[in-house]
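Visitor: build the 3D model from these lines:
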Amino acid sequence: MNLPIALSNKHIHLSQNDIDVLFGKGHQLTEFKPLSQPGQYACEEKVDLVGPKGTIKGVRVLGPARPQTQLEVSLADGFSLGVKAPIKESGDLAGSPGVKLVGPAGEVDLAEGVIVAARHIHMSTADAEKFGVKDKQIVKIKTSGARALVFENVLVRVSDKFNLEMHVDLEEGNAAAVRNGDLVELIAE
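Guide: Take a look at the predicted model:
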């Protein structure tokens, strides 16, 4: 059974409080382009990240606003910033490090929220039934091509708000030589 894969670059999800500080009180995020998941979009807004070791400029904000600010980076980005970002499921920020966020109107000292997103698959309830998997199940994904590999420890996330798609970060996708929209094979365990 095949599904599409997508590569995710570093990005940040902001709370409305942090949007107000970084971009000005009452600021509303400006959609740049829609993303594959319904209601999600890349924004015109960008922020700079300042860690103990280095700075990364121009990190894209994704909308809409979330209850808590979450920065998703690759392992290499974490090294560049000087933070040890744990590999975690989106939304699980406990024990994660923070960095300073710099926007055009202000700065936020983020106490926690920097993670490397665990590789995962978004799927609807109907897709989960079709693939014979359940929410929070761990599966394997096999890629094809010259650098074919098997991704272990892939988290299945099921919601009728999701479109079918696997997400990996750029480092993982480049290691497998996959591109957005390539089809990969799900291996249920």
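
Visitor: so where's this protein uncertain?
Guide: 189 (pLDDT under 70).

Visitor: now with 90?
Guide: Low-confidence segments of the chain (pLDDT under 90): 188-189.

Visitor: who touches the helix or strand hosting His167?
Guide: Assessed by DSSP states H and E, His167 sits inside strand 165-169. Strand 165-169 is contacted from outside by 3-9, 36-37, 72, 74, 116-117, 119-122, 141, 151, 154, 176, 178, 184, using Cβ atoms under 8 Å, 6 or more residues apart in numbering. Where C-beta positions appear, they are placed from N, C-alpha and C, glycine not excepted.

Visitor: which SS state does Ile141 fall under?
Guide: Secondary structure, DSSP: H, G, I helix; E, B strand; the rest coil: Ile141 is strand.

Visitor: circling back: filter the contacts of strand 165-169 to the buried ones?
Guide: Neighbour-count burial (16 or more other Cβ atoms under 10 Å) applied to those gives 3-8, 37, 72, 74, 116-117, 119-122, 141, 151, 154, 176, 178, 184.

Visitor: which of those residues fall in strands?
Guide: Using DSSP state E, the members of these that fall in strands are 3-8, 72, 116-117, 120-122, 141, 151, 154, 184.

Visitor: quick check, nearest of those to Phe23?
Guide: Glu72 (19.5 Å; Cβ to Cβ).

Visitor: bridging residues for the closest residue to that closest one other than its chain neighbours?
Guide: With Cβ to Cβ, 6 or more residues apart in numbering as the criterion, Glu72 has its nearest non-adjacent residue at 4.7 Å, and that residue is Ala117. Beta-bridge partners for Ala117, by DSSP bridges, are Lys88.

Visitor: next, the buried residues of stretch 93-104.
Guide: Residues Leu93, Ser96, Pro97, Gly98, Val99, Lys100, Leu101, Val102, Gly103 are the ones in stretch 93-104 that count as buried (16+ other Cβ under 10 Å).
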